[in-house]
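Q: Predicted model and sequence follow; I will ask about them next.
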Amino acid sequence: MSRFLFHFFVFIFRLASSYAEIPEWVSGLVTLDQYEPINSSRSDGTMQSALTVLSDVRPKISEKISGKFSFKGTAFRRSLENGRTATLKGDVKEVWLQYDHSGLGLQLGQILTVWGKS
């Protein structure tokens with residue numbers, strides 16, 4: 001049954017995303033994880049489900065002002081630690097505003113700076 005639900009949700013998501021008008025400054029990723037029991041003697045179905053959303057929003061507010069908002073959120077259903085409860089977690093990765101004028105730029109907020117290559 002849960003395998004059917006997984007394919008049903010993937011179908012609905014693809015159908016909705018094909019008709020959605022999402023601005024070019026919005027991007028992201030949605031993943032759904034299902035953990036099923038291997039042992040057939042276990043009759044209680046899905047062990048754990050998780051839905052993760054990664055979003056990146058980069059609006060250009062005006063000609064001189066732009067910004068960024070990066071977020072990661074996860075919803076667990078029936079997590080291994082908490083039995084049959086649901087758990088929500090969220091992290092703001094990066095959020096800032098930038099002002100550019102005559103070649104001078106000013107950024108304010110929580111900014112991730114990459115140093116070097118891995």
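A: Perfect, I can see it now. Residues are numbered from 1 along each chain as shown.

Q: Could you pull out the helices in the protein for me?
A: 2-19 (DSSP state H).

Q: Show me where it dips below the pLDDT cut-off.
A: Along the chain, segments meeting pLDDT under 70 span 1-7, 9-10, 12-20, 22, 36-47, 78-84, 118.

Q: can you give me the strands in it?
A: Using DSSP state E, the strands of the chain run over 26-35, 48-57, 65-77, 86-101, 104-110.

Q: Present those strands as CSV; the columns should include distance to residue 11 and mean neighbour count.
A: C-beta: built from backbone N, CA, C; applies to glycine. Compiled in CSV, those are given as follows (distance: least, C-beta to C-beta, whole Å; neighbours: other C-beta atoms under 10 Å):
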stretch, distance to residue 11, mean neighbour count
strand 26-35, 12, 12
strand 48-57, 16, 15
strand 65-77, 20, 17
strand 86-101, 23, 13
strand 104-110, 37, 11
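
Q: export the ones you listed to CSV and tack on distance to residue 116?
A: As requested, these are exported to CSV (distance: least, C-beta to C-beta, whole Å):
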stretch, distance to residue 116
strand 26-35, 25
strand 48-57, 22
strand 65-77, 20
strand 86-101, 18
strand 104-110, 20
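
Q: Select, out of these, the one closest to residue 117.
A: For the strands of the chain, the distance to residue 117 is smallest for strand 86-101, at 19.2 Å, taking C-beta to C-beta.

Q: Restricting to C-alpha, output the closest one in CSV.
A: Extracted C-alpha coordinates of strand 86-101, given in CSV (Å, rounded to 0.1, in the frame of the first residue of the first chain):
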residue,chain,number,x,y,z
ALA,A,86,5.4,13.5,13.6
THR,A,87,8.4,15.8,13.8
LEU,A,88,9.1,19.0,11.9
LYS,A,89,12.6,20.5,11.5
GLY,A,90,13.7,23.6,9.7
ASP,A,91,16.9,25.5,9.1
VAL,A,92,17.5,28.9,7.5
LYS,A,93,20.8,28.4,5.7
GLU,A,94,21.3,31.9,4.3
VAL,A,95,19.3,35.1,4.2
TRP,A,96,20.6,38.5,3.2
LEU,A,97,19.8,41.8,1.3
GLN,A,98,22.3,43.4,-1.1
TYR,A,99,22.4,47.1,-2.1
ASP,A,100,24.5,48.0,-5.2
HIS,A,101,25.3,51.6,-6.2
